[in-house]
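> Take this sequence and fold it.
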Amino acid sequence: MKFVERIIYFAISGQDEIYDQLKNNPTIEVLGIEGNTSVIIKGTASFTIPDTIKQDIFNNTQLLQRLHQDIEELRFFKIPAENIDYYDLNTIPPTLMSFS
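Numbers count the residues shown, from 1 in each chain. Modelled structure (predicted):
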């Protein structure tokens, strides 16, 4: 995974069903949670990724290198963040910030 400005880039196995599902329905939400804080990123998956970014993701992700012998075994997609919601349940009242 790589995050640049408001775009998240992902690499997954070429054998993973998720890639085909995203091509058929590219609307996506990503949820991240730590403790009582969460972030939801909403966007539309896109599949045109520059080779330099693909190579950078592969070179800087040891797990991908352990699981895959070659970058050609992977499929890449990106999610430009169309909307970001930030929730903090540690505050009273809870904090909600939205960014478009």
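
> What sits closest to residue 54 if chain neighbours are left out?
Once flanking residues are discounted, residue 54 sits nearest to residue 76: 5.3 Å by CB to CB, 6 or more residues apart in numbering. To be clear about C-beta, it is placed using only N, CA and C from the backbone, and glycine gets the same treatment.

> tell me which element residue 58 is part of?
helix 51-59 (DSSP states H and E).

> Likewise for residue 77?
Per DSSP H and E: strand 74-88 holds residue 77.

> Could you pull out the helices in this protein for me?
Under the criterion DSSP state H, the chain contains helices at 17-24, 51-59, 62-67.

> mind checking how far the second one is from the chain centre?
Think helix 51-59. Centroid separation for helix 51-59 versus its chain: 15 Å, with CA atoms, centre = their mean, to the nearest Å.

> for the first one, same thing?
On the basis of CA atoms, centre = their mean, helix 17-24 sits 14 Å off its chain's mean C-alpha point.

> helices or strands up against it?
strand 74-88 (3 or more CB pairs under 8 Å, 6 or more residues apart in numbering; DSSP states H and E).

> distance between the strand it packs on and the chain's centre?
Centroid separation between strand 74-88 and its chain, computed with CA atoms, centre = their mean, is 5 Å.

> got the angle for that strand vs helix 17-24?
80 degrees (axes from the mean of the first three to the mean of the last three CA atoms, to 10 degrees).

> So what touches strand 74-88?
With contacts defined as CB atoms under 8 Å, 6 or more residues apart in numbering, strand 74-88 is touched by 6-14, 16, 19, 22, 28, 30, 36-47, 49, 53-54, 57-58, 64, 68, 94-100.
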